[in-house]
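Enquirer: take a look and give me a structure for this.
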Amino acid sequence: MKLARDRYRVDLLELQAACEANYLRLMRLLPQMRTSQDTRRVAMSQGDRLLGVLVLQVLENCPYTSTLRITQEHCLPWLPVPQMEVRVYHDARMAEVTCAENTRRFRGIYAYPNAQMHQPDEKTQLNLFLGEWLGHCLACGHELAPVV
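Expert: Model (predicted):
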């Protein structure tokens, strides 16, 4: 007898918790994002070796939302360069990945397998990855010294 796999269901509590935690992390990294279109660079290193620079750039400010581009510069040569756009909802105190690796508007559920090879929970995984990336930056990052 063949067992049917249970269909994936979006865990809204997990997704909302990830988006709320990402909002708090971003507010620690860019406290003035609502009032200015700054760019901040945070270096991540191990000893004297630079592992990469997280670049947080405010693209757009509206009364209740901001749009950020988050990329990494000076990566290790064998590591793909992560980049994503994040929509920050100040009224709801949430931040959500809206674009990653040139893909926009992620669905809550994807059939698997699919042509783009998205995971069934791609949207949740991207938001969890953003949280880990920002958390690592907060724990191990330091202000990039200006070039003189």
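Enquirer: need the contact list for the residue positioned nearest the centre of the chain.
Expert: By C-alpha atoms, centre = their mean, the chain has its centre lying nearest to Leu130, at 3.1 Å. Applying C-beta atoms under 8 Å, 6 or more residues apart in numbering, we find Leu130 in contact with 18, 22, 70, 84, 86, 95, 97. Quick note: C-beta positions are derived from backbone N, CA and C, even for glycine.
Enquirer: just give the nearest non-adjacent residue to the fifth one, would you?
Expert: Counting by C-beta to C-beta, 6 or more residues apart in numbering, Leu68 is the residue found nearest to Val86 once chain neighbours are left out, at 4.7 Å.
Enquirer: ditto for the second one
Expert: Sequence neighbours aside, Ala95 is the residue nearest to Asn22 in space, at 4.1 Å (criterion: C-beta to C-beta, 6+ apart).
Enquirer: so the one you found versus Arg9, what's the distance?
Expert: Distance, Ala95 to Arg9, by C-beta to C-beta, to the nearest Å: 23 Å.
Enquirer: now Asp121
Expert: Asp121 is 9 Å from Arg9, by C-beta to C-beta.
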